[in-house]
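**Q** next comes the sequence, and after it the predicted model I'd like to discuss.
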Amino acid sequence: MNQTNLVVSLIQIFLPLVLAFLFVYKYVDIRTKTTHFVCPLCRSRFKLSKSQFAFALKTGALNERVVTCPACGYKGRMPIIKD
Ligand SMILES: [Zn+2]
């Protein structure tokens, strides 16, 4: 295998990964900008950062995540609410 083939195969492997990453990044970016959570305990409204949103546990229900309230520390299922 010569140098060009190696580069081409590397591109073929990494390009879809990079595109997938950019797609997810953009999706999370939009979701964090247009949604918020309301804590069921203290009623405070808060937004998640991109990384918090990306790693928030899915509960199986659509538009619901397991998140931690930054105000009172409560951790549990909260619906994703549009701003
Ligand atoms: Zn709270």
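**A** Done, it's in.
**Q** remind me what the longest helix seen in the chain packs against, helices and strands.
**A** Identified as the longest helix of the chain according to DSSP state H is helix 3-34. Contacting helix 3-34 under the criterion 3 or more C-beta pairs under 8 Å, 6 or more residues apart in numbering; DSSP states H and E are the following elements: helix 50-55. (Each C-beta comes from the backbone N, C-alpha and C, glycine too.)
**Q** okay, now the unreliable bits of the protein?
**A** By pLDDT under 70, the low-scoring segments of the chain are 1.
**Q** near the ion, which residues of it?
**A** By C-beta under 5 Å from the ion, the part of the chain that sits against the ion consists of 39, 41-42, 69, 71-72, 74.
**Q** from those, which would you call buried?
**A** Taking 16 or more other C-beta atoms under 10 Å as the criterion, what is buried in the residues of the chain next to the ion is 39, 69.
**Q** in a markdown table, list the residues of the chain next to the ion along with secondary structure.
**A** Shown next, in a markdown table, are the residues of the chain next to the ion (DSSP: H, G, I helix; E, B strand; the rest coil):
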| residue | secondary structure |
| --- | --- |
| 39 | coil |
| 41 | coil |
| 42 | coil |
| 69 | coil |
| 71 | coil |
| 72 | coil |
| 74 | coil |
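**Q** reformat the residues of the chain next to the ion as CSV; add distance to residue 61.
**A** Formatted as CSV, those follow (distance: C-beta to C-beta, whole Å):
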residue, distance to residue 61
39, 18
41, 19
42, 22
69, 18
71, 23
72, 23
74, 18
